[in-house]
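>>> Need a 3D model of the following:
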Amino acid sequence: MKYVNARALLPKELVSELQEYIQGGYLYIPAVQEQKKCWGELSGYREELRQRNQRIMEEYRGGRAVEAIAEKYCLSVHTIRKIVYYS
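So this is what the prediction gives:
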């Protein structure tokens, strides 16, 4: 999360009103529920993991051993089994 100076973003009157409640501190303003993103959507990491898991599934279906896949992706055998059995 990046901090933004209120003076650079908000009207002067609103900054003055906020200073009645807090001065020199940090104020978190939550996103509107309809605009919230799920974990990893903003950074793209969710999609990256989905693609990785798809490659793991393809390798497993192609006959590659769970142990070999785990070593290739630096994951535990247990994690690979969760991906291939529950995805």
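
>>> Look up the closest residue to residue 52, ignoring the ones flanking it.
Nearest residue to residue 52, sequence neighbours excluded (Cβ to Cβ, 6 or more residues apart in numbering): residue 73, at 7.0 Å. From N, CA and C alone the C-beta is placed, and that goes for glycine too.

>>> Please disregard the earlier target; I meant residue 56.
The spatially closest residue to residue 56, leaving aside those adjacent along the chain, is residue 83, at 5.2 Å (Cβ to Cβ, 6+ apart).

>>> can you give me the helices in the protein?
For the chain, the helices defined by DSSP state H cover 6-9, 12-19, 45-61, 66-73, 77-86.

>>> ok now the lowest-mean-pLDDT helix or strand in the chain, how far from the chain's centre?
Across the helices and strands of the chain, the lowest-confidence element by mean pLDDT, DSSP states H and E is helix 6-9, at a mean of 92. With Cα atoms, centre = their mean, to the nearest Å as the basis, helix 6-9 stands 27 Å off its chain's centre.
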